[in-house]
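**Student:** Please work out how this folds:
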Amino acid sequence: MLLSGTVFLSIFPGAGLAHAQGVLPMKERAAVMDAWLEERLNTVVPELMRREGFDVWMVAAREYNEDPVIETMLPATWLAARRRTVLLFHDPGSDAPVERLAVSRYDIGTMFRGVWDPDTQPDQWARVAEILREWNPKAIGINVSETFGLADGLTSSEHALFLDAIGPEMSSRVAGAERLAVGWLETRTPSEMLAYPTVMRIARGIIEEGLSELAITPGVTTTDDVQWWYRDRIRDRGLVTWFHPSVDVQRADDHARDNDFSAREGSQVILPGDLVHMDFGITYLGLNTDTQMLAYVLKPGETGAPKGLVDGLAVGNRLQDILTGAFKTGKSGNAILADALAQAREEGIAATIYTHPIGFHGHAAGPTIGLWDAQQGVPGKGDYPLYPNTAHSIELNAAVQVPEWDGKMVRIMLEEDAFFDGDTVRYIDSRQEELLLIPRQ
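**Tutor:** Got it, this is the predicted structure:
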């Protein structure tokens with residue numbers, strides 16, 4: 001933690017670290033990410049291997065067909081695996097450090113020591129078998145999972161070659177390391193959480209630009225125009241996105257919309273009186289954001305949004321509080337969903353909850369808390385328990401009646417990224433509690 005914190009502070013001297021919003025040059029980004037990686041390998045891996053009962057963890061992938069886990073374990077200058085990359089973690093016990101090896105011709109940065117000489121042993125998998133015989137482990141974890149794609153990165157062919165090389169007796173000690181892989185991906189370190197608010201604020205700054213007169217001219221600009229404005233603006237800032245932004249509108253004279261998220265409307269011209277909704281995310285320093293916000297387009301003579309929309313946002317905020325109040329260590333995603341929906345019904349809120357983990361991936365590994373079309377629970381991913389030091393996109397909507405729109409039902413669709421420390425949930429940056437106005441007042 002100290003190393004990566006020092007690196008990050010050197011980039012933002014005199015910080016208010018969480019308030020720094022500059023986007024770093026690529027070389028400085030790499031320094032931060034490599035420091036974080038070293039911290040994670042030294043702290044997260046040993047804790048999780050012991051939690052899950054593995055004394056060896058084998059992670060392997062071939063070039064351009066990378067295991068999602070191995071992609072998060074390589075130095076910043078390694079943009080892919082090299083030929084075949086095999087990483088071995090060995091916990092010798094007695095609180096000794098976990099040994100990290102690369103069954104490779106060369107070291108992988110300073111993180112993994114290379115231990116394969118093809119002149120001595122031409123077969124890479126045979127070298128893996130030699131090392132395992134030396135260690136004589138009781139339990140060997142590999143990344144195979146029926147439930148989590150992100151924990152299922154060992155391909156069928158590599159799996160078969162590995163088992164063939166180590167033989168039947170050693171193969172009997174091999175098991176899927178689903179929770180080890182998911183734990184690695186979902187766990188956020190103190191250093192990452194020191195910087196995550198900065199990542200969120202950069203994203204929010206771009207969002208608010210797009211939901212303003214800088215990008216929207218009512219009666220002229222279309223929802224499709226704003227989507228592509230966001231794509232260009234993300235590139236202008238030296239960033240990337242992990243999904244195409246979406247922008248849509250709800251308005252007084254449209255037919256009521258249902259909750260079928262699979263039905264996508266075509267591009268619409270944004271008009272005065274519209275409630276504009278967007279869904280947007282960036283990737284920066286290896287961390288992802290996922291945010292949905294709302295803006296109201298003022299009609300001539302208006303200085304604020306209709307009270308029904310303002311009150312609707314307050315209902316959406318209350319639903320967020322209900323959901324995050326149901327978070328508890330060890331509780332499954334399905335149990336959190338059921339408790340939150342029950343409380344929402346008790347309070348008369350028409351709620352739909354579809355919350356997911358976030359971090360190294362946008363739709364990340366960890367407990368799924370509902371899907372828009374699965375409000376009774378999600379088998380498998382929804383059964384996974386909530387762990388401390390994890391981040392989640394608090395994604396949901398509340399359907400509210402707007403009196404000023406002849407009682408029309410409007411969906412208040414919100415999404416904010418939050419961190420669970422084991423006891424409480426806090427928003428990584430902040431949450432929307434006031435509608436943005438176009439133009440700003």
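**Student:** Isn't Ile336 up against Thr329?
**Tutor:** No. The criterion here is C-beta atoms under 8 Å, and Ile336 misses it with Thr329 at 11.2 Å. For glycine as for every other residue, the C-beta is placed from the backbone atoms N, C-alpha and C.
**Student:** which neighbours do those two share?
**Tutor:** Residues touching both Ile336 and Thr329 (C-beta atoms under 8 Å, 6 or more residues apart in numbering): Leu386.
**Student:** who has more neighbours, those two?
**Tutor:** Ile336 (26 against 13; other C-beta atoms under 10 Å).
**Student:** Got phi/psi on the more buried one?
**Tutor:** phi -60, psi -50 (degrees, to the nearest 10).
**Student:** Likewise for Val247?
**Tutor:** phi -140, psi 130.
**Student:** got the contact list for it?
**Tutor:** Val247 neighbours (C-beta under 8 Å, 6+ apart): Gly210, Thr223, Asp224, Val226, Gln227, Tyr230, Val276, His277, Met278.
**Student:** I'd like the distance between it and Val220.
**Tutor:** According to C-beta to C-beta, to the nearest Å, Val247 stands 14 Å off from Val220.
**Student:** do the same with Asp248
**Tutor:** 17 Å.
**Student:** These two - which one has more neighbours?
**Tutor:** Higher neighbour count among Asp248 and Val220: Asp248, with 20 against 10, using other C-beta under 10 Å.
**Student:** what helix or strand does the more buried one sit in?
**Tutor:** strand 246-250 (DSSP states H and E).
**Student:** How is the chain divided into domains?
**Tutor:** Residue ranges for the domains of the chain, per automatic domain parsing: 2-184, 189-438.
**Student:** could those domains be laid out in a markdown table, adding mean pLDDT?
**Tutor:** Converted to a markdown table, these look like this (pLDDT from 0 to 100):
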| stretch | mean pLDDT |
| --- | --- |
| domain 2-184 | 89 |
| domain 189-438 | 96 |
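**Student:** What about the contacts of Val247, which are in strands?
**Tutor:** Those of those mapping onto strands are Val276, His277, Met278, per DSSP state E.
**Student:** which residues does the first one bridge with?
**Tutor:** Beta-bridge pairing for Val276 (DSSP bridges): Val249, Ala295.
**Student:** Now, of the ones in strands among the contacts of Val247, which are buried?
**Tutor:** Among the ones in strands among the contacts of Val247, those buried by neighbour count (16 or more other C-beta atoms under 10 Å) are Val276, His277, Met278.
**Student:** Was I right to think the last one contacts Ile270?
**Tutor:** No. Under the contact definition of C-beta under 8 Å, Met278 does not touch Ile270, with a separation of 11.1 Å.
**Student:** Can you check which residues contact both of the two?
**Tutor:** Val226.
**Student:** mind checking how far the spatially most central residue of the chain is from Asn136?
**Tutor:** A centroid search over the chain (C-alpha atoms, centre = their mean) returns Ile358, at 2.0 Å, as the residue closest to the centre. Going from Ile358 to Asn136 by C-beta to C-beta gives 39 Å.
**Student:** for Ile353, same thing?
**Tutor:** 48 Å.
**Student:** mind checking how far stretch 198-205 is from the chain centre?
**Tutor:** Here the centre of stretch 198-205 is set off from its chain's centre by 15 Å, with C-alpha atoms, centre = their mean, to the nearest Å.
**Student:** Can you list the buried residues in it?
**Tutor:** With burial defined by 16+ other C-beta under 10 Å, the residues of stretch 198-205 counted as buried are Thr198, Val199, Met200, Arg201, Ile202, Ala203, Arg204.
**Student:** can you redo the residues you listed as TSV with distance to Gly93 and secondary structure?
**Tutor:** Below are the buried residues of stretch 198-205 laid out as TSV (distance: C-beta to C-beta, whole Å; DSSP: H, G, I helix; E, B strand; the rest coil):
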residue	distance to Gly93	secondary structure
Thr198	39	helix
Val199	37	helix
Met200	40	helix
Arg201	43	helix
Ile202	43	helix
Ala203	43	helix
Arg204	46	helix
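**Student:** Okay, helices next: where are they in the stretch 151-300 of the chain?
**Tutor:** 156-171, 178-186, 190-210, 223-236 (DSSP state H, counting those that start in this stretch).
**Student:** If you could redo that for the stretch 1-150 of the chain, that was the one I meant.
**Tutor:** Under DSSP H, counting those that start in this stretch, the stretch 1-150 of the chain gives helices at 2-11, 26-52, 68-71, 124-135.
**Student:** Is Phe112 bridged to anything, and to what?
**Tutor:** With DSSP bridges applied, Phe112 shows beta-bridge pairing to Ile108.
**Student:** Pretty sure it sits against Arg100.
**Tutor:** Yes. Counting by C-beta under 8 Å, Phe112 touches Arg100, with 5.0 Å between them.
**Student:** Spit out the residues that contact those two alike.
**Tutor:** Common neighbours of Phe112 and Arg100 are listed as Leu87 (criterion: C-beta under 8 Å, 6+ apart).
**Student:** who has more neighbours, these two?
**Tutor:** Legend: neighbour count by other C-beta under 10 Å for Phe112 and Arg100, higher for Phe112 (24 against 18).
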